[in-house]
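> Model the structure of this input:
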Amino acid sequence: MVTYNHPKALYLLFFTEMWERFSYYGMRALLVLFLVSETSVGGLGWTSAQAGQLYGLYTGLVYMTPLIGGYLADRLLGFRYAVIIGAALMALGHGALAIESLYSFYFGLFLLVLGNGFFKPNISSMVGQLYPDNSPLKDSGYTIFYMGINVGAFLGILICGYLGEKVGWHYGFGAACIGMTFGLVLFYSLQNLLGEVGLKPVKMEKVENEPLTKTEIERLYAILILAIFSMVFWLSFEQAGSSMNIFAMQYTDRWLFGFEMPASWFQTLNPLFIFILAPFFSTLWIRLGDKNPNGPLKFALGLFLLGLGFLILFVGATSIPKGAESASISMWWLSIAILLHTTGELCLSPVGLSFVNKLSPKHFMGIMFGMWFLSMALGNYIGGLLFGMLDDFVKEQSMADFFLMFVVIIMASAVLLFALSFKIKKWMHGIR
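This next block holds a predicted model:
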């Protein structure tokens, strides 16, 4: 991949996004652990039900507010000022979390949700504006940008997770604040590299409200069905920050070479595996050529791999007695599950947004992207509510039964989507 022909502004956006993801994933790795940890060790001492409601609401809103932030950037602010506003709000939000006060904690979460809405959709939009239409470098530019996401996530979880669990929760949140502040200062200081990109709102062209053709309607059906299965995927995948985080902290043997790893460090495996495997998957789809599975089949495969990961967790958790509050299960069970979840993500996540773009009529594209993010928000919220059932499962049934619930939901969804994929393929009318 040739990188030296890319504009310098790409690397400004790369490092800005890297520091934002550093702060987001660093904080996310600690949130549930902080909520459920006993007050004697600085946590809030919440039940899994209480933590699940807050975690689901927070991660759900994170996917909803970009709809508002994107709209305001398009019509009023421009992408650049929206990113600056969002970064400033998130830096303040992380700073509020670092203060040992419950009111400050809630206010910090509010600022993070609001700031994410301004930041998330608009920095990605500026990457595309760096290149002329149909530029052969655009896909490569987004690949480099995506690497920044995973580098930031890996470092954020590693550093914030260690500080939060080993030194003090609010030190971990404080490190996230420093990372986001650094990203804000970097972007604001070097924004001249962007030239005119993102400086003014996008001029919206009026599109006549023409009736949809049969082909367009059927393509919308395809998006809606895939959105439902996307919701199932994310309500399960996001257990990484909740129930799987608890499994790492309370039920996993984390001693390695005489050092007890922070539970949050297991979340570094996902960005690490993406960094390693993404080039392989990208090459694989190209080499398969005409045998490359269509979108619905990739979705079904992604769900199957996700379900297989939860099956691994189910098997690993079968030795945990009913009602046990701790255990020492080998870390390999959790590590292999995360590897399978990551392969599922690589089959499904890159396909989703691409298909919304390809299948949506131009004058419906904004609505369909909004619907897609709404399905992800709903999935995150439901996932949080399911996590809230963890305590009852452990007391009345077992930890293994909790993971089995996800195996059944996901595998049934994968089989159903596979059966529907042939009909969905017809509705796509030649788009792969």
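> Could you identify the helix or strand that succeeds whichever strand or helix holds Ile159?
Taking DSSP states H and E as the criterion, Ile159 maps to helix 138-162. Per DSSP H and E, the first helix or strand lying C-terminal to helix 138-162 is helix 169-190.
> I'd like to know which elements that following helix is packed against.
When contacts are defined as 3 or more Cβ pairs under 8 Å, 6 or more residues apart in numbering; DSSP states H and E, helix 169-190 packs onto helix 8-36, helix 79-97, helix 138-162. Where you see a C-beta, it was placed from the backbone N, CA and C, and this is true even at glycine.
> in the helix holding Ile159, what's buried?
138, 140-141, 144-162 (16 or more other Cβ atoms under 10 Å).
> elements contacting it?
Secondary-structure packing of helix 138-162 (3+ Cβ pairs under 8 Å, 6+ apart): helix 8-36, helix 102-129, helix 169-190, helix 269-288.
> which one of the ones you listed lies closest to Leu44?
Closest approach to Leu44 among the helices and strands packed on helix 138-162 (Cβ to Cβ): helix 8-36, 5.2 Å.
> what's the closest one packed up against?
Here helix 8-36 touches helix 48-72, helix 79-97, helix 102-129, helix 138-162, helix 169-190, helix 243-251, going by 3+ Cβ pairs under 8 Å, 6+ apart.
> So what touches the shortest one?
In this structure, residues lying in contact with helix 243-251 by Cβ atoms under 8 Å, 6 or more residues apart in numbering are 29, 32-33, 36, 48, 254, 263-264, 266-267, 313, 317, 320, 324-329, 334, 337-338, 386-387, 390, 399, 402.
> That one vs helix 8-36, what angle?
For helix 243-251 against helix 8-36, the angle by axes from the mean of the first three to the mean of the last three Cα atoms, to 10 degrees is 50 degrees.
> again, but for the fourth one
Between the axis of helix 138-162 and that of helix 8-36 there is an angle of 30 degrees, by the same axes, to 10 degrees.
> what do you get for the third one?
Our comparison of helix 102-129 with helix 8-36, counting by the same axes, to 10 degrees, yields an angle of 150 degrees.
> Pull out the buried positions in helix 102-129.
105, 107-109, 111-127.
> what does stretch 419-432 give?
Going by neighbour count (16+ other Cβ under 10 Å), the buried part of stretch 419-432 is 420-421, 424-425, 427-428.
> so can I have CSV of these showing secondary structure?
Converted to CSV, the buried residues of stretch 419-432 look like this (DSSP: H, G, I helix; E, B strand; the rest coil):
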residue, secondary structure
Leu420, helix
Ser421, helix
Ile424, helix
Lys425, helix
Trp427, helix
Met428, helix
